[in-house]
Each structure stands twice: as C-alpha cells, then as structure tokens.
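Peer 1: Sequence plus the predicted model coming up.
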Amino acid sequence: MSSFRYLRLLSLVFGFSVLLTGVSSADTLTLAWDPNPEPDVAGYYVFIGTASGVYDTVVDVAGSTSYTFGAALPGRTYYMTVAAYVPGPTLGPHAPEVIASIAGSAPVLSSPGNRSGTVGDVASLAVSAYDPDGETITYGAAGLPGGLALQSSSGLISGTLAVAGTFPVTLTATDTSGNTATQYFTWTVAPGDIAPPVIAITSPSSGVVSTTSDFITVSGSASDDIGVTTVTWAANGMTGTA
C-alpha cells in the first residue's frame with residue numbers, strides 16, 4: 001500500500017463486530033463495520049495479521065461493509081482493521097484495531113481402562129492421544145502406583161509395581177494452546193510373593209529320632225506372606241502331601 005498518497009483524511013469512526021464460526025480444520029472469521037459517511041468513499045480495504053500493526057492479508061472488498069476470512073487457524077490471535085479509500089485510490093487512516101482469538105480444540109485422549117498387577121511386576125502402558133489442530137501434546141498423570149513414572153513427551157507409563165493397593169489415576173493430555181483432555185481409571189496392585197515360605201517342625205522336637213515303631217508322626221507349621229497352598233514330604237523314597 002506504499003503507493004497510496006494521503007490527500008486528505010477520511011472520517012473512520014466505525015463500529016465493528018466480529019463473528020467466529022468453526023469449520024473443519026480452520027475457522028471462519030467475519031468482520032463487519034458501519035459504512036463511512038463520506039459521500040465519495042469508493043470502497044474499503046481489510047487488513048488482517050497475526051501481530052499488532054503487521055498485516056499479511058490485505059483485501060479490497062469494494063463497497064462491502066463485511067468480510068469473511070476463511071483461513072483462521074485454531075489457537076491463533078488475529079489483528080484486524082479497515083481503511084476506506086476514495087477514487088485514485090487514496091487510502092484513509094486505519095480504523096481502531098480489532099483483536100480476535102480463535103480457541104483451539106482440546107486433544108482427544110483415549111481411556112486405557114482399569115489396570116491390575118502384582119507387586120514386583122514390570123508394567124508398561126502407552127497412553128494414546130491426538131490433537132485435532134495438530135499441536136504438540138504433553139502428557140500428565142497423578143495417582144500412579146509406587147514404582148511407576150510417566151514420560152510427559154511420549155505418554156509412556158513404565159516401571160516396576162512396588163506398592164500394593166488400589167490407585168485412582170488421573171491422566172491428562174494438554175496441547176500447546178493450553179487445552180486439556182482428562183481420563184480416569186483405577187490401577188489395582190495385589191501384594192507380591194516377595195519371600196519364600198517358612199516351615200517349622202514342632203514334633204518330634206529333636207532333629208534326630210530313633211524308634212522301633214513302624215510309624216512316626218511328624219507335625220509342624222508352614223507360613224508365607226501370601227499364603228501356603230501345599231506342604232509335601234519325602235522319606236525313604238516315599239513322598240506325600242499334607
């Protein structure tokens with residue numbers, strides 16, 4: 001627009017309205033204004049940019065008093081103004097700048113469903129999410145079982161389950177515009193078998209027993225941090241289960 005000469009100032013006391021309408025991958029931004037009262041106004045230029053005072057889109061809308069910009073991207077802020085012109089063309093001053101922010105869409109975060117495991121298990125869970133606007137996603141997790149950690153850039157939860165219990169977990173996926181999606185699930189961890197069973201013979205009390213009987217009675221106890229399922233014995237080539 002550097003070729004325009006300012007022969008005289010045009011009156012530009014405009015009233016603006018901005019309408020934002022969502023469409024597929026872009027948004028429609030409509031700018032409308034009151035007509036300039038000068039009788040010799042031939043038309044209007046619309047200026048749109050992503051920085052104040054810097055306009056990379058300039059459109060001659062002739063005598064129209066509105067313009068629809070169909071390439072507005074979610075997560076962007078747009079700066080808009082209008083200038084009237086008379087034949088020549090001679091451009092008048094810009095009207096006051098109008099600012100419109102296009103809200104981006106939140107990421108779509110898949111639910112992993114409830115999980116379960118046992119203390120000592122190696123766990124790996126890949127959290128899945130995508131952003132409709134193509135923005136970078138950062139993952140977060142609260143309430144994970146002890147021993148697990150989340151990689152915020154990839155969404156991978158991994159580690160060795162270290163604590164038994166029921167853990168309500170909150171997952172989040174946040175894009176660069178600050179839009180967040182949330183999912184909830186429960187991770188149940190059962191106690192692990194971390195120690196071998198303990199067996200104790202209470203009768204006979206001596207480690208070496210001499211007898212002339214054909215039978216001998218042995219009694220005792222067996223215990224484990226998880227539980228004892230069977231006790232077996234062996235003597236002189238014979239075996240049995242108690």
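Peer 2: Nice, thanks for sending it over. Residues are numbered from 1 along each chain as shown.
Peer 1: Residues in a beta bridge with G117, which ones?
Peer 2: Using DSSP bridges, the bridge partners assigned to G117 are V189.
Peer 1: Quick check, it in contact with G192.
Peer 2: No - counting by C-beta atoms under 8 Å, G117 stays clear of G192, with 9.2 Å between them. No exception for glycine: its C-beta is placed from N, CA and C like everyone else's.
Peer 1: Now do the shared contacts for the two.
Peer 2: The overlap between the contact sets of G117 and G192 (C-beta atoms under 8 Å, 6 or more residues apart in numbering) consists of L161.
Peer 1: and S64, what pLDDT?
Peer 2: On pLDDT, S64 comes in at 92.
Peer 1: Assess the claim that it and Y44 are in contact.
Peer 2: Yes - using C-beta under 8 Å as the test, S64 is close enough to Y44 to be in contact (7.1 Å).
Peer 1: and M80, how many residues sit next to it?
Peer 2: For M80, the tally of surrounding residues (other C-beta atoms under 10 Å) stands at 23.
Peer 1: which residues touch it?
Peer 2: Neighbour list for M80: V18, L29, L31, V46, F47, I48, G49, E97, V98, I99, A100 [criterion: C-beta under 8 Å, 6+ apart].
Peer 1: Distance-wise, check the second one relative to A162.
Peer 2: For L29, the distance to A162 under the criterion C-beta to C-beta, to the nearest Å works out to 52 Å.
Peer 1: These two: who's more crowded?
Peer 2: More crowded of L29 and A162, by other C-beta under 10 Å: L29, with 21 against 14.
Peer 1: Surely that one and F69 touch.
Peer 2: Yes - L29 is in contact with F69 according to C-beta under 8 Å; the separation is 4.5 Å.
Peer 1: list residues touching both of the two?
Peer 2: Any residue near both L29 and F69 by C-beta under 8 Å, 6+ apart counts here, and that gives I48, Y78.
Peer 1: just to revisit the earlier point, higher neighbour count, S64 and Y44?
Peer 2: Set S64 next to Y44 and count neighbours by other C-beta under 10 Å: Y44 wins out with 26 against 14.
Peer 1: what pLDDT does the more buried one get?
Peer 2: If you check Y44, the pLDDT there is 92.
Peer 1: who's in contact with it?
Peer 2: Neighbouring residues of Y44 by C-beta under 8 Å, 6+ apart: W33, N36, D60, V61, A62, G63, S64, T65, V82, A83, A84, Y85.
Peer 1: can you check D121 too?
Peer 2: Residues near D121 by C-beta under 8 Å, 6+ apart: T160, L161, G192.
Peer 1: Now flag whichever of those is closest to G104.
Peer 2: Closest approach between the contacts of D121 and G104, by C-beta to C-beta: L161, at 36.5 Å.
Peer 1: which SSE is the residue nearest the centre of the chain in?
Peer 2: Residue closest to the mean C-alpha point of the chain, counted by C-alpha atoms, centre = their mean, is A173 at 0.7 Å. For A173, the enclosing helix or strand under DSSP states H and E is strand 165-175.
Peer 1: what helices or strands is that strand leaning on?
Peer 2: Taking 3 or more C-beta pairs under 8 Å, 6 or more residues apart in numbering; DSSP states H and E as the contact definition, the neighbouring helices and strands of strand 165-175 are strand 108-109, strand 137-142, strand 180-190.
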